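Visitor: have a look at this prediction, sequence included:
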Amino acid sequence: MSYVIYFDESYDNTKLYFLQGALFCPHSRAIHKAVKEVKDNYNYVDPNGKSLEAKYNDCVSKWDFRVCRDLIDRFIDSTAWFRCVVIDIDLIDYEKFGKPSESDKIKKARMYKKFAELLIRNNIGNVRNAVLLTDMMTRTPGDQFIEKMMEVFGIPNPVDGRPVIKHTAETDFSLEQYHTGQVCDILLGCTLGGLVPPKMKTKLALINYMKNSLRIPSFERDYWIKLTRHQKKILHPKYQIWFWTPGK
């Protein structure tokens, strides 16, 4: 694999926000190797010697914090970049995503797919033959999300015959072969934590570390919505938040 997009999702327990995040990796082998080096450095394995999953939600000890912190550093040093869409759940009108006769489940699945499509389309540029890997789907099981994404991005370009995305799969980011996706989980989790601060000190420390390392003035809507696309590109090339607004 060369160009890989890792896609993940998150929401807070109070149901204020729903987030989708994508880690775009032009050189996926290099960042995969960097993730492995971090885990090897800290012997980040369980009692049976199996590689542990680095997750924002599981950042509960100094050991976890150091691993997640170093993974953020490796992300910054890599050619990868991260993009996130934040959806304020109170602003969603599910009726706009389907017919009155359709179930809420179908409308939510269509909404989920639409935001994912916009997030990827607006950030992938002129890339061809990319691979899209999603973590295990929990929000919309059985809704043919993978198939729908291939319908959108798997169409061969009329000029060179190559699609934007050549392969999409639902994977398990806890497995070592997909562990770059754990970087996406950490960045996405810290973003949500920046909006809805956790009580745990290790998570707060990780959020602040990411914020300072990436020079993010704020996670809040008021900061990001006033920036133009060009300003975001100049100020925040590695990390950007898009706050969805109804009607746009």
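Guide: Yep, it's here.
Visitor: quick one: end-to-end distance for stretch 169-182.
Guide: One end of stretch 169-182 sits 16 Å from the other (Cα to Cα, to the nearest Å).
Visitor: quick check on residue 93: phi, psi?
Guide: According to degrees, to the nearest 10, the main-chain angles of residue 93 amount to phi -110, psi 100.
Visitor: ok, the closest residue to it other than its chain neighbours - how many residues close by?
Guide: Counting by Cβ to Cβ, 6 or more residues apart in numbering, the nearest residue to residue 93 once its immediate chain neighbours are dropped is residue 246, at 6.9 Å. Where C-beta positions appear, they are placed from N, C-alpha and C, glycine not excepted. In terms of burial, residue 246 registers 10 neighbours under the definition other Cβ atoms under 10 Å.
Visitor: may I have the residues that are in contact with residue 246?
Guide: The contact partners of residue 246, taken as Cβ atoms under 8 Å, 6 or more residues apart in numbering, are 91, 92, 93.
Visitor: can you tell me which of the residues you listed has the most neighbours?
Guide: Using other Cβ under 10 Å as the contact criterion, the top neighbour count among the contacts of residue 246 goes to residue 92, which has 16 neighbours.
Visitor: surely it and residue 110 touch.
Guide: No. With contacts counted by Cβ atoms under 8 Å, residue 92 stays clear of residue 110, the gap being 11.7 Å.
Visitor: one step back: now do the residue nearest to residue 93, the pLDDT please.
Guide: Residue 246 is assigned 80 on the pLDDT scale.
Visitor: that one belongs to a helix?
Guide: No. If the criterion is DSSP: H, G, I helix; E, B strand; the rest coil, then residue 246 is coil and not within a helix.
Visitor: how far away is it from residue 97?
Guide: Residue 246 sits 12 Å away from residue 97, taking Cβ to Cβ, to the nearest Å as the criterion.
Visitor: ditto for residue 50
Guide: 40 Å.
Visitor: between these two, tell me which one has more neighbours.
Guide: Applying other Cβ under 10 Å to residue 50 and residue 97 shows that residue 97 carries more neighbours, namely 18 against 11.
Visitor: other SSEs contacting the least confident helix or strand in the chain by mean pLDDT?
Guide: For the chain, scoring each helix and strand by mean pLDDT, DSSP states H and E identifies helix 104-121 as the least confident one, at a mean of 86. Helices and strands in packing contact with helix 104-121 are listed as strand 4-11, strand 17-25, strand 81-88, helix 145-153; criterion 3 or more Cβ pairs under 8 Å, 6 or more residues apart in numbering; DSSP states H and E.
Visitor: can you give me the pLDDT of the residue lying farthest from the centre of the chain?
Guide: Seen from the C-alpha centroid of the chain, the residue lying at the greatest distance (Cα atoms, centre = their mean) is residue 101, 32.3 Å away. As predicted, residue 101 sits at a pLDDT of 77.
Visitor: so it lies in a helix, does it not?
Guide: No. When the secondary structure is assigned by three-state DSSP, residue 101 falls in coil instead of a helix.
Visitor: where along the chain do the helices fall?
Guide: 28-41, 62-77, 104-121, 145-153, 181-195, 201-213, 221-224, 229-235 (DSSP state H).
Visitor: any stretches of the chain with poor pLDDT?
Guide: Confidence mapping of the chain against pLDDT under 70 gives the ranges 1, 137-143, 247-248.
Visitor: still on that earlier bit, possible to save the helices and strands packed on helix 104-121 as a markdown table with mean neighbour count and distance to residue 184?
Guide: Formatted as a markdown table, the entries for those read as follows, by neighbours: other Cβ atoms under 10 Å; distance: least, Cβ to Cβ, whole Å:
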| stretch | mean neighbour count | distance to residue 184 |
| --- | --- | --- |
| strand 4-11 | 23 | 4 |
| strand 17-25 | 23 | 4 |
| strand 81-88 | 20 | 7 |
| helix 145-153 | 16 | 16 |
